[in-house]
Structure formats: structure tokens, C-alpha cells
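# Requesting a structural model of the entry that follows:
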Amino acid sequence: MTEVNAAETVGEAAGRGQVVAWGLWDWGSSAFQAVTLTFVFSVYLTDKVGDDLPGDTPASAWLGWALAAAGLVVALTAPVCGQYFDAVGSRKRALATLTALTVGAMSLMFFVHDDYHDLWLGLALLAFASAVFELAGVPYNAMMRQVSTPATVGRVSGFGWAMGYFGGIVLLLICYVGFLAGDGDTRGVLGMPTDQGLNVRLAIVLAAVWFTVFALPVLFAVPELPRTTADPGAARAGLLGSYRVLWRDVRELWARDRHTVWFLLASAVFRDGLAGVFTFGAVLAVQVYGFADADVLLFGIAANVVAGAAAIAAGRFDDTLGPKRVIVASLIGMLACGLVLLVVSGSLMFWIFGLALTVFVGPAQASARSFLARLAPPGREGQLFGLYTTTGRAVSFLAPLLFGVFVSVFHSDRAGIAGLLVVLAAGLLVLLPVRAPASTVTAA
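This is a model prediction of the structure:
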């Protein structure tokens, strides 16, 4: 295969159609993130399938261990996978394969009946799907360089994040109204039987079809990345050799541009804080601010709409002012809203300042991705986004740990907010000395 200069691959598919096709994968991926992993199948496993599991270990604990094992696999393999996809020119093929494996595992979840004997099958499928889905995010994020130019990468990243938010809302509403709402032996407007969890199992099949349909456009519209000269020896290194190449490249990166390494650390910390906001937001709404269960669902929908719309709007500021300024402003805004939430009470205050806080979540997430895309040497985006995934996994304990510590020390759920603010502040402090990325791409 003929190798090309890596800089030639930047913006090679930056037409509007390719950008939309790329963003549709984010829209479709909400079928796994929102429906399968977060709100429907994981809850079905712990609340129904494993509710009568023999022994002292609850199903929720087994779920945590299964997902932890999947996360460990991702942390150990993401950088070398991204490095290999770059080196052999197989980003699109890798995205297609990993997406197909995710969809395949989701489809097999139909055979997980409401019987504790099926819990192990469900956990294995969910852990496998979680691992390959996260690995799919490596070539997907790396392809952002192909569908954007240095002048538009912020808007493209924001568009992708927004598509994920909105796609999750639409599919969750479809699943809730069609398959899950109501009581009795049948659920939803479609009257789906609940026997053996059939209504939930069919909802997951719908999610698998949803992901498949919306993942296809990027595979047809965006061309495969050609092999480049960016990372000598990576294509022929083999499995163990890939880690040697990775270590060589990280040492070179540290010697040449330590700002990239510091950004990986800073983003890992503040991204964990962002994840903590959504993880513990519902708990805080009920326990501290007096929300009813129905209000939590409405707030979740509103929060995702606000975060998605803000991500789109902030994309233009990202391209004109730079991603660092957007991230810094977003983190400061979240800290300010969080400090207010520490002292106010009542559901109205949470609606106002909780939604105000989510205004800054989408821009911070989208600009973190565009920041790294601008920093990555052309042709090695997959490797850098693999490290982005790994560093995020490495510190993913911070927000849950500090939330729990502050709640325990102060004997108050409200104090958990302070724990999340400490994580966000730490990420901000590490980010501040990092040099903002250049707005142009230089040849590799």
C-alpha cells in the first residue's frame, strides 16, 4: 500500500454530507449508551433477572465487577488499538467491525430471560459490548480530523456531542412509550408482554436496529484513511511490539511537547467530574432537593437538551476563541453553579441552577475532544485518542470516591456536591498551564 504524508488526510472528507454521516454514528450510539448501558438493560439485569440470585452477593455488585473488567480491557488496549488503526489505514474498517460486534452483543441480549440463571449471560454480553463500544470510540474520534478542517473542528465536535444527546432522548422516549410505560402484564402503547422480560428484551433489539441504521452512513460517506508515514514501524510491530512502539511514541511526545501529556491528565480529571455530575445528579435531585421520580425523568430530558444545544452553540466559540477558553469558561461556570447549589434548597432552585450547570457540560466535553484533535500529530490521532480513553479510565474512580468521602465525612448527601467540585477544580488547575493548541495543521 502506498503511504502518504499524514497532513494530507486532514479535512479530506470535510463536506457537509460527510459531517452529518459522521454525526449520525453518535446519534445511533445512544442506543448502547443510554438505553442498554444506563437506563434499560442494566436496570433489567439487576432489578429483574438477578433479583432472586442465591448467595450474599447482589446482582448490582456482579454488574459493577463485570463493567470494571471491561474497563480494564479498554484501558490496556485502547492506545495500541488506535495506534494500529492509524498505522495500517483501517480506521473505518475498525469502526465497522467494533460497531458490528456491539450490535451483535446487543441483539443476543434478547435471549436473557427474567431468570437468575441468565444473569451470567447478560453480564458477559454487557461487559463485552461495553468494551468493544468504547474501543469503537477511538477510530470514531480519530476520524473527526478527516471530516473537519482546522477552522471547523470545534463545530464538528460539538455537533457530534449534540447528536448523541438528542439521539438518546428520542430513543429513550420511544422505548418508554412503546415498551415500558404502565403497569400490569403488558406495557407501553404497543401492549408488550412482560412475561420473561419480553418487553425489555424487544426494546434492546430495537436499540440494536437503531444503532445499525444510523452507523451505516459514516461507513459509506467517509473514505478509508490511507496508510501514512506518521508512525514508522507501527504497522509491523505485532501485539507486544505495539506496546514498545507506544512507549517510544509517548517518550517522544513527552520530550517534544509535554503540553499534550498534561492535557491528557487534565482532561481525564475534569471529564471524570463531568461524568460525576450526570451519575449523581438524579440522586441529589431526589435526596436533597425534593424531586419526585417523574420530575427526575423530566429533568434528565431537559438537561440533555440543554447540554446538546450548548455543545452546538459553543462549537463556534471553540473555532474562533480556541477550545481551551471554552473549557476553562465551562469549568468556571460549573463551579459557580455548584457553589450556589451547595447553599440553596427546593426543587425550583435545582431546576434553575442544575440546568444552568448542564449548560456548561456539553461544551466542555465537545471542546476537550477538539482540543486533542488539534494537538494530535496528523496520522496519529487514533493513538492519541486511545491514550485519551485510557487516561480517562485510569482516574474514573475520582468523582465517585470524593462524592462518597464528602457525604460520609459531613453526614450529608448535599456535601457530595463539594466532592464533585473538587474534581472539577483539580482538572481546571492542571489545565491552566497547558498551552492552547495551534489553529493550523503542520505537516508531519
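# For the helix or strand Phe85 falls within, which residues meet the burial criterion?
Taking DSSP states H and E as the definition, Phe85 sits inside helix 59-88. Buried positions in helix 59-88, judged by neighbour count with 16 or more other C-beta atoms under 10 Å: 59, 62-63, 66-67, 69-71, 73-75, 77-88. Yep, even glycine has a C-beta here, placed from its N, CA and C like the rest.
# What is the subsequent helix or strand relative to it?
Next element after helix 59-88 (DSSP H and E): helix 91-108.
# Just the C-alphas of that next one, formatted as PDB.
Written as PDB, here are the backbone C-alpha positions of helix 91-108 (Å, rounded to 0.1, in the frame of the first residue of the first chain):
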ATOM      1  CA  ARG A  91     -10.000   3.400  10.900                       C
ATOM      2  CA  LYS A  92     -13.200   2.900   9.000                       C
ATOM      3  CA  ARG A  93     -12.800  -0.900   8.900                       C
ATOM      4  CA  ALA A  94     -12.100  -0.900  12.600                       C
ATOM      5  CA  LEU A  95     -15.100   1.300  13.300                       C
ATOM      6  CA  ALA A  96     -17.300  -1.000  11.200                       C
ATOM      7  CA  THR A  97     -16.100  -4.200  13.000                       C
ATOM      8  CA  LEU A  98     -16.300  -2.900  16.500                       C
ATOM      9  CA  THR A  99     -19.800  -1.400  15.900                       C
ATOM     10  CA  ALA A 100     -20.900  -4.700  14.400                       C
ATOM     11  CA  LEU A 101     -19.600  -6.600  17.500                       C
ATOM     12  CA  THR A 102     -21.500  -4.100  19.800                       C
ATOM     13  CA  VAL A 103     -24.700  -4.500  17.800                       C
ATOM     14  CA  GLY A 104     -24.300  -8.300  17.800                       C
ATOM     15  CA  ALA A 105     -23.900  -8.400  21.500                       C
ATOM     16  CA  MET A 106     -27.000  -6.200  22.000                       C
ATOM     17  CA  SER A 107     -29.000  -8.500  19.700                       C
ATOM     18  CA  LEU A 108     -28.100 -11.500  21.700                       C
END
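# for it, packing partners?
helix 59-88, helix 119-142, helix 198-221 (3 or more C-beta pairs under 8 Å, 6 or more residues apart in numbering; DSSP states H and E).
# For the first one, what is the distance to the chain centroid?
Here the centre of helix 59-88 is set off from its chain's centre by 13 Å, with C-alpha atoms, centre = their mean, to the nearest Å.
# picking up where we left off before, what angle do helix 91-108 and the helix holding Phe85 make with each other?
In terms of direction (axes from the mean of the first three to the mean of the last three C-alpha atoms, to 10 degrees), helix 59-88 departs from helix 91-108 by 160 degrees.
# and helix 59-88, what's its mean pLDDT?
The predicted model gives helix 59-88 an average pLDDT of 85.
# which ones are touching Val112?
Residues near Val112 by C-beta atoms under 8 Å, 6 or more residues apart in numbering: 44-45, 49, 118-119, 121-122, 125, 197, 201.
# cool, and Phe211?
28-29, 31-32, 99, 102-103, 106.
# For it, give its distance to Leu24.
In this view, Phe211 and Leu24 are 11 Å apart by C-beta to C-beta, to the nearest Å.
# how many neighbours does Thr57 have?
If you count neighbours by other C-beta atoms under 10 Å, Thr57 ends up with 11.
# Now do Met109: how many residues are near it, please.
24.
# I'd say it and Ser42 touch.
No: Met109 lies out of contact with Ser42 (C-beta atoms under 8 Å); the separation is 10.7 Å.
# Low-confidence ranges, the stretch 301-444 of the chain, go.
438-444 (pLDDT under 70).
# So which residues of it form helices?
323-343, 347-358, 361-375, 381-394, 398-410, 416-431 (DSSP state H, counting those that start in this stretch).
# Need the residues that contact the fifth one.
Spelled out, it's helix 398-410. Contacts of helix 398-410 (C-beta under 8 Å, 6+ apart): 269, 272-273, 275-276, 279-280, 413, 415-420, 422-423, 426.
# rewinding a little: just the buried members of the contacts of Phe211?
Buried among the contacts of Phe211 (16+ other C-beta under 10 Å): 28-29, 31-32, 99, 102-103, 106.
# circling back: pull up the overlap in contacts between Met109 and Ser42.
Common neighbours of Met109 and Ser42 (C-beta under 8 Å, 6+ apart) are 36, 126.
# and Val359, what does it touch?
Taking C-beta under 8 Å, 6+ apart, one finds 306-307, 310, 333 in contact with Val359.
# how about JSON lines for these, with neighbour count and distance to Ala162 added?
Below are the contacts of Val359 laid out as JSON lines (neighbours: other C-beta atoms under 10 Å; distance: C-beta to C-beta, whole Å):
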{"residue": "Val306", "neighbour count": "20", "distance to Ala162": "11"}
{"residue": "Ala307", "neighbour count": "28", "distance to Ala162": "8"}
{"residue": "Ala310", "neighbour count": "23", "distance to Ala162": "8"}
{"residue": "Gly333", "neighbour count": "17", "distance to Ala162": "18"}
